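> here are the coordinates; sequence isn't available:
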C-alpha cells in the first residue's frame, strides 16, 4: 500500500519561504510521477507543480513559476516543494500526489493522480 505524508507547512509572512516535504512509502517510488496541488477554502483543488520519475522534466502553474521549485530524492523516497517569495494568495492546504508512469511524463490534472497525502496547511499573512 502506498502512503504519502506531507510535512513542512506553517505560517509565514509575505515574502518568506517554506519547504514542503512528502514522504512516500512503498517499493516503487522511482516509478512514480509526482505532483503538488493546493486547495484554498471555497476553491477547487489546483495544480501547483509536477515532475517526472527521474525529476528531469518539471511543470509549474503560471502563478508559481519563478517562485516555487519541485524536486525529488528517489533514494529517500521523498518529494519537495521549495516555496519562495510567498504571497497571501498562496494560502491553502497543499497536497502531494503520485502515480505510476513511464519515463519523462509530468501530469498536471488532479484526476490523473492515484495516490494522495492528507495535506499540510500553508498560511501566508500580509
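Done, it's in. Worth saying up front: this structure is predicted, and the values here are computed from it rather than measured. Numbering: from 1, shown residues only.
> please count neighbours and contacts with C-alpha atoms only from this point.
Will do.
> mind listing the strands for this protein?
All strands of the chain, identified by DSSP state E, fall at 4-7, 10-13, 18-24, 32-39, 46-51, 58-60, 68-73, 78-83, 92-100, 115-116, 120-125.
> of all those strands, which one comes closest to residue 107?
Closest approach to residue 107 among these is made by strand 46-51 (6.4 Å; Cα to Cα).
> nearest to the spatial middle of the chain, which residue is it?
Taking Cα atoms, centre = their mean as the criterion, residue 36 is the residue nearest the geometric centre of the chain, at 2.2 Å.
> can you give the contact residues for stretch 26-46?
1-3, 47-54, 74, 77, 79, 81, 91-103, 105-108, 110 (Cα atoms under 8 Å, 6 or more residues apart in numbering).
> which residues touch the spatially closest residue to the residue nearest to the centre of the chain that is not a sequence neighbour?
Closest residue to residue 36 apart from its sequence neighbours, by Cα to Cα, 6 or more residues apart in numbering: residue 96 at 4.7 Å. When the contact criterion is Cα under 8 Å, 6+ apart, the partners of residue 96 are 4-6, 22, 34-37, 116-117, 119.
> with distance to residue 65 as new columns, can these be given to me in JSON lines?
Shown next, in JSON lines, are those (distance: Cα to Cα, whole Å):
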{"residue": "4", "distance to residue 65": "24"}
{"residue": "5", "distance to residue 65": "24"}
{"residue": "6", "distance to residue 65": "21"}
{"residue": "22", "distance to residue 65": "20"}
{"residue": "34", "distance to residue 65": "17"}
{"residue": "35", "distance to residue 65": "15"}
{"residue": "36", "distance to residue 65": "13"}
{"residue": "37", "distance to residue 65": "14"}
{"residue": "116", "distance to residue 65": "23"}
{"residue": "117", "distance to residue 65": "23"}
{"residue": "119", "distance to residue 65": "21"}
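> out of those, who's the most crowded?
Using other Cα atoms under 10 Å as the neighbour test, the contacts of residue 96 are led by residue 34, with 34 neighbours.
> and for the nearest residue to it once chain neighbours are set aside, the neighbour number?
Computed as Cα to Cα, 6+ apart, the closest residue to residue 34 that is not its neighbour in sequence is residue 98, at 4.4 Å. Applying other Cα under 10 Å, we find 28 residues neighbouring residue 98.
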